[in-house]
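Colleague: What follows is a predicted structure for the sequence shown.
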Amino acid sequence: MKFKTALVLAGGAFGTSIAFVLSQNFEKVIIMVRSQDIFDEINRGENTTYLPGQKLPDTIKAAMTWDEVKAQTHGHVDLIVSGLPMSAIEDFCSRNEQDLKRYLDQGIPLVSLAKGIDHETLKLPDEMFKAHFENYRSQLMYLSGPSFAKEIVDKQITIVSLAGEDKDKLLLACEMLGTEFFKALPTTDVKGVLLGGALKNVIAIAGGIMEGLGYNHNTRAALITRGIVEMLRFGTVFGAKPETFYGPSGMGDLILTTTGELSRNKSFGIEIAKGRKAEEIIKATKSVVEGYKTTKAAYFLAEKMGIRARIFTGLYEVLYNNHDPKEVAREMMVLPPKFDEA
Ligand SMILES: NC(=O)C1=CN([C@@H]2O[C@H](COP(=O)(O)OP(=O)(O)OC[C@H]3O[C@@H](n4cnc5c(N)ncnc54)[C@H](O)[C@@H]3O)[C@@H](O)[C@H]2O)C=CC1
Ligand SMILES: O=C(CO)COP(=O)(O)O
């Protein structure tokens, strides 16, 4: 094994799948969880709540407190991965800032897996982390790309983007995350990677709605191509590189989530098309559906920054103002004839 110990914060589906990736390169991987049930499940070799049916090696262990982390790592870790969803970042960082800093003081990378925009502050994950760890900004990195948790543990070949500010640290983290079935490609375009991961979830919900309404391949292809145009407009406002939107974290993840049956965002959209209420579906869903709140954030961002985004705006009206779901389809068809727009 090349590396000694990795620490994963949160034992949800994706955190657990990345722990599995890390177990190929690290002698030990600790997943920090907050519930006794998940603690017991992981220590028994399967996260039955979030990743059922996927066996985990016995080098992956759970911990519930920082004392337990310290005991299992002897106070030294080589990498921290945050598997926290968007809504948990601020809460977790403010409660655990000092403990996290003790590890970050060792100069190690912290890789966040979250995809979303905070609907209250309109911040991307990098701003949320930097609010607590500004002095460690060169160590902060963001992973995003087409990667269903289940398929990672099935060792399906998976390629994602890893964004950060420091090229040497990025290369080190890419090596730590690289296996024969999982590869992270380094980039310094943090905003491009984070916007791609957040905004594709919104288009995936729209895709689920279209599918639920009976639309098929032509419509999905139209949605994907119009979706990337709107995503690029957000990118322009944030100073992201356009080419990032055609890479794994942009077009790659947009295709995966609008077409893949495993997508929770797409499944959520299918339920909306059946006439169910958004809040009711969210309450009944165990795993996070990031696109729901990101739809609201994207709508407010578009309003604030004057971004033309018909699909995002149309979906907001459906999810938050009870507009007829058929409206999302109609929004795409009222495009004015304009030359030279993809
Ligand atoms: N599941 C997937 O295939 C992929 C997920 N992602 C992204 O990764 C992030 C995490 O997603 P999943 O693991 O799938 O979510 P999940 O819903 O399976 O798990 C979320 C985990 O976070 C924990 N958590 C929630 N609030 C917390 C808090 N305040 N403090 C501590 N822990 C808290 C929960 O207990 C749970 O273990 C999301 O942003 C998602 O978009 C990215 C790529 C793939
Ligand atoms: O982001 C993902 C795959 O890259 C997971 O998508 P869902 O959150 O829609 O399941």
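Modeller: In hand now; what should we look at? Ligands and ions are numbered 1, 2, ... in the order given.
Colleague: and the stretch 1-150 of the chain, which residues reach ligand 1?
Modeller: For the stretch 1-150 of the chain, the contact set with ligand 1 under Cβ under 6 Å from any ligand atom comprises 10-15, 34, 50, 83-86, 88, 91-92, 113-116, 147-149. Where C-beta positions appear, they are placed from N, C-alpha and C, glycine not excepted.
Colleague: From ligand 1, how far out is Val237?
Modeller: Counting by Cβ to the nearest ligand atom, to the nearest Å, the gap from Val237 to ligand 1 is 22 Å.
Colleague: Let the chain start at 123 from now.
Modeller: Fine by me, first position is 123 from now on; the one you just mentioned is Val359.
Colleague: ok, for that residue, nearest residue in space, not its chain neighbours?
Modeller: Spatially, and ignoring its direct neighbours in sequence, Val359 is nearest to Met427 (4.8 Å; Cβ to Cβ, 6 or more residues apart in numbering).
Colleague: The one you found against Gly357, yeah?
Modeller: No. The pair Met427 / Gly357 is not scored as a contact, 11.5 Å apart, by Cβ atoms under 8 Å.
Colleague: more crowded one of those two?
Modeller: With neighbours defined as other Cβ atoms under 10 Å, Met427 and Gly357 compare such that Gly357 has more, 23 against 14.
Colleague: Report the secondary structure state of the residue nearest to the spatial centre of the chain.
Modeller: Centroid-nearest residue in the chain: Lys237, 2.9 Å away (criterion: Cα atoms, centre = their mean). At Lys237 the chain is in coil, as set by DSSP: H, G, I helix; E, B strand; the rest coil.
Colleague: Just confirm it contacts Asn323, I think it does.
Modeller: Yes. Under the criterion of Cβ under 8 Å, Lys237 makes contact with Asn323 at 6.2 Å.
Colleague: what do those two both touch?
Modeller: Listed contacts common to Lys237 and Asn323 are Glu412, Thr416; contacts here mean Cβ atoms under 8 Å, 6 or more residues apart in numbering.
Colleague: Do you have the helices of the stretch 123-272 of the chain handy? List them.
Modeller: Along the stretch 123-272 of the chain, counting by DSSP state H, counting those that start in this stretch, helices occupy 135-144, 158-165, 188-195, 208-226, 247-255, 271-275.
Colleague: What residues sit buried inside the longest one?
Modeller: The reference is to helix 208-226. The neighbour-count check on helix 208-226 (16 or more other Cβ atoms under 10 Å) flags Met208, Ala210, Ile211, Glu212, Phe214, Cys215, Leu222, Tyr225, Leu226 as buried.
Colleague: just those residues now: which is nearest ligand 2?
Modeller: Closest to ligand 2 out of the buried residues of helix 208-226 is Met208 (11.1 Å), distances taken as Cβ to the nearest ligand atom.
Colleague: Quick check: pLDDT value at the closest one.
Modeller: Looking at Met208, its pLDDT stands at 98.
Colleague: Contact partners for it?
Modeller: Ala236, Lys237, Gly238, Ile239, Asp240, Pro247, Met250, Val410, Glu412, Lys415, Thr416.
Colleague: And the last one, how far from Asn165?
Modeller: Taking Cβ to Cβ, to the nearest Å as the criterion, Thr416 is separated from Asn165 by 33 Å.
Colleague: One more: the second one?
Modeller: For Lys237, the distance to Asn165 (Cβ to Cβ) stands at 28 Å.
Colleague: What's the local residue count around the residue of the stretch 123-272 of the chain found nearest ligand 2?
Modeller: The stretch 123-272 of the chain approaches ligand 2 most closely through Ser269 (4.5 Å), counting by Cβ to the nearest ligand atom. Counted with other Cβ under 10 Å, residues neighbouring Ser269 total 24.
Colleague: Does it touch Ile279 like I think?
Modeller: No. With contacts counted by Cβ under 8 Å, Ser269 stays clear of Ile279, the gap being 10.7 Å.
Colleague: wait, Cys344 sits on Met454?
Modeller: That one is not Cys; residue 344 is Ala. Yes. Counting by Cβ under 8 Å, Ala344 touches Met454, with 6.3 Å between them.
Colleague: Wondering if stretch 302-319 reaches ligand 1 at all.
Modeller: No. Stretch 302-319 does not reach ligand 1 (Cβ under 6 Å from any ligand atom); its nearest approach is 7.0 Å.
Colleague: List the buried residues for that stretch?
Modeller: By 16+ other Cβ under 10 Å, the buried positions in stretch 302-319 come out as 303-309, 311-319.
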